[in-house]
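1. Here's my sequence, what's the structure:
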Amino acid sequence: MLIGEFSHGMDKKNRIIIPAKLREGLGDTFIMTKGLDSCLYIYPKSEWEVFEKKLKALPMTDKNVRAFVRFFFSGANEMEPDKMGRVLIPQSLLSYAGIEGEVVSVGMMDRVEVWSKEKWTAYNESDMDMDAIAAKMNELGI
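-> As a prediction, the model looks like this:
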């Protein structure tokens, strides 16, 4: 399971270090793509294959399905960290996520989210009513 929050920087070559604790759960190669909320998602290959299978089962005649699939697959890149645990983030993904320097990597059970430090801070400082969210999760059976 991928858990935890890790702050780190990006070097001049647009590489970030995938923290060792997260790298263990991601495996030798993984998929990085655009994520929701203006962050990047990193999936272990096995989880990406599960996600891909679910998307293949959706009706491609539905315009929203096609848009959803395009969103994730157009930005998808297979990654393999170097010996120091670094990966090069493509410019298109950096632009999408607004990443310029400091990043935060967050373990999210089956994937890792990579946020710009500024966006992560703003997200955490936003006025989320966690009591209302918890009540909604309760209605969903969680």
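2. quick one, phi psi at Pro19?
-> Dihedral angles of Pro19 (phi, psi; degrees, to the nearest 10) stand at phi -50, psi 140.
3. give me every residue that touches it.
-> By Cβ atoms under 8 Å, 6 or more residues apart in numbering, the residues touching Pro19 are 4, 6, 8, 85, 105. Glycine gets a C-beta too; all of them are placed from N, C-alpha and C.
4. hmm, 7 Å instead?
-> The contact partners of Pro19, taken as Cβ atoms under 7 Å, 6 or more residues apart in numbering, are 6, 8, 105.
5. next one: Val103
-> Here Val103 is in contact with 8, 10, 16, 114-117 (Cβ under 7 Å, 6+ apart).
6. Leaving out sequence neighbours, find the closest residue to Tyr41.
-> Using Cβ to Cβ, 6 or more residues apart in numbering and skipping the chain neighbours, the partner closest in space to Tyr41 is Gly35 (3.7 Å).
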